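> Give me coordinates for this.
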Amino acid sequence: MEKRTEGAWLINHTKKILDVREAQDFEDIELAGKCGIFLSNLAASHEQSDLNSDKVNAIAKVSNIKKTEIDTIKNKLQEARLIETGQNGSLSVLGITTSTVLNHTADIFTNTNPSNYQKAALELAENISDLPKGEKILSEYISDTYRLSANESSDLFLQAEDIGFIDSETLDDNSKFYFNGNLFKREYVKKTNNVLSSLKSEDVRKINELDELLNTQGCVTFEKARLILEDVLLSKLQSIGMYDYNEVSNTKETKIFITKPSAFSKYGNPFEDDALDLAKAFVSSLYYGMTFSAPGRGKITMLKALLRKLVNGHEVGPATAIGEDYKLLELKRVIQIRRGSTSNKYYMKLLKKDIGALAMQVLEFGDTTEKTIVGSQIYTGSVTNYVGPEQKRYINRKKQNTQSKKSVAELLRTFRS
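The predicted structure follows:
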C-alpha cells in the first residue's frame, strides 16, 4: 500500500475510533491518526507557522486530543522533525500540504512497530474500496497475508464492523460480503452504470437529473436532492457511498449539502486528496451562505475570482462577515483571519492553498456555477461545526430498517457482476 493511501486510512480509522468507547487493539492506528490530524490543523501549506500555547491548546481541542495525550503526540511529531517546541507550550511547524501530512502519518505508524493485526485493519478497508468482497475470500486473504490465526481473523472482522472500518450485507443465499464508503470515489462512471442497470427506469431518470445538477454546480442542498430522488432512493444511494453528505451547523441550525465522491479529485484519488474533509467543509460552508443566509454584513459576488485570489496568496476583505462566518475553517487552520483598522472589519487569508485549489475545482464543475452565484445574494453564513460524509453515511446505515438494508444489498450485488 502506498504511503498516501495508508495515511488516509489511518486518518479514516482514527475518526471512527473517536466514536467508540474502547478500541485498545488499535492504539497505534489512533496515535498515528491523531498525530496526522493535529499536524494538519497546525500547519499552513507553504509557510512556517509559529503558534503560541493558547493557539496550540485550542487546535488540540479541535483535533479531539485529550490533555493526557498532547505531550505524547507532540513528542512523536518532534521526533519526526515536523515541529519544534518552544517555551511555555509554543511551537513552530514547517509548511506542510495535505498530501505530505498523509505520508508523515504513515511514517509515524510504521515507527510505532504496529502489530500485524493493526496492519490488517488498514488492508481490510483498502481491499474492499474498489469492489465488495465475499467473506470467505476476504477472510482467507487477510489471515494468510498477515499471518493471523482463525480466532484473530474472526475477531478483527467483528471489531472492524462494530467500529465502522468496514460494512457488510447478507444476500438472500446467506452469503456475506463486505464493502465501505469508498466505492464511488474510484471509477465513478462505471460503477454508477452498474447501479443504474439494476434500477427501475424512473429511478434512473431521477438519478440522471441529480447528477446533471451536481455536474454543473458541484454541490446541492439535501432538500433539493430529496425533492428529486425522494427519501427511500436517496437513503439507499447514500448507504453505498454513491453520494456524499456534508453537514454544517451553527448555534441556530444544521444543514446538509450533497456532493459526488469523485468530485474531490485533484491528483486522481479523492479519498487521499481530501482525507481530512477540509475541502468538503470549505465548499459546504460557502454553499451554506449562498443558500440559507441573507446579505447584510458583506457578500461575495465573484466566488471564483475570490478563491483564485486566495489560492494565489492574497488577502480578501475587509468585511464584517469574514470575522464572524468562517469560525470552523479558522479553527481548522484552512484560513487565517486578521482584524482591519476598523474594529468590525476583517481580512481573510488562505493558509492551506491545496485545499483552496481543490475546493475551486469543485465549484468550477460547470459554466453555470459562476452565474448562479453572481445571481444570488451570496453571503457566507456562520458555520461552526462540520460532519463529514463517511460519518453521515455510517449513521444512516445504522438507522436503516430490514427492508431498506435488503435493497442496499441488492444494489451492491451489481458490483459483483
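> Next, the contact list for Lys332, please.
Going by CB atoms under 8 Å, 6 or more residues apart in numbering, Lys332 touches Asn41, Val62, Leu278, Ala281. All C-beta atoms are positioned from the backbone trio N, CA, C, and that covers glycine.
> pLDDT value on the one residue sitting closest to the centre of the chain, please?
What sits nearest the mean C-alpha location of the chain, by CA atoms, centre = their mean, is Asp277, with 2.9 Å. Looking at Asp277, its pLDDT reads 79.
> what's the closest non-adjacent residue to Ile256?
Nearest residue to Ile256 in three dimensions, chain neighbours excluded: Phe222, at 3.8 Å (CB to CB, 6 or more residues apart in numbering).
> what's that neighbour in contact with, if anything?
Phe222 touches Tyr245, Lys255, Ile256, Phe257, Ile258, counting by CB under 8 Å, 6+ apart.
> repeat that for 7 Å
Going by CB atoms under 7 Å, 6 or more residues apart in numbering, Phe222 touches Ile256, Phe257, Ile258.
> Do you know the pLDDT at it?
So Phe222 comes in at 89 (pLDDT).
> roughly how far apart are it and Asp203?
18 Å (CB to CB, to the nearest Å).
> Helices of the stretch 251-400 of the chain, residue ranges please.
Assigned by DSSP state H, counting those that start in this stretch, the helices in the stretch 251-400 of the chain fall at 270-273, 278-292, 303-311, 320-324, 327-331, 353-363, 368-375, 389-399.
> Equivalent analysis for the stretch 51-200 of the chain, please.
Under DSSP H, counting those that start in this stretch, the stretch 51-200 of the chain gives helices at 53-62, 67-79, 98-111, 116-127, 135-145, 150-163, 188-196.
> Let me know which of those is the nearest to Thr320.
Closest approach to Thr320 among those is made by helix 53-62 (22.8 Å; CB to CB).
> Lys352: how many residues sit nearby?
Neighbourhood size, Lys352 [other CB atoms under 10 Å]: 29.
> Quick check: it touching Ser45?
Yes. Lys352 lies in contact with Ser45 (CB atoms under 7 Å); the separation is 4.8 Å.
> quick revisit: of the contacts of Lys332, closest to Pro114?
Distance to Pro114, by CB to CB, is smallest for Asn41 among these, at 23.4 Å.
> Contact partners for the closest one?
Ile59, Val62, Ser63, Lys332, Arg333 are the contacts of Asn41 under CB under 7 Å, 6+ apart.
> quick one: the nearest residue to the first one once chain neighbours are set aside from Ala60, how far?
Distances taken as CB to CB, 6+ apart put Asn41 closest to Ile59, at 4.8 Å, once the chain neighbours are dropped. In this structure, Asn41 lies at 9 Å from Ala60, with CB to CB as the measure.
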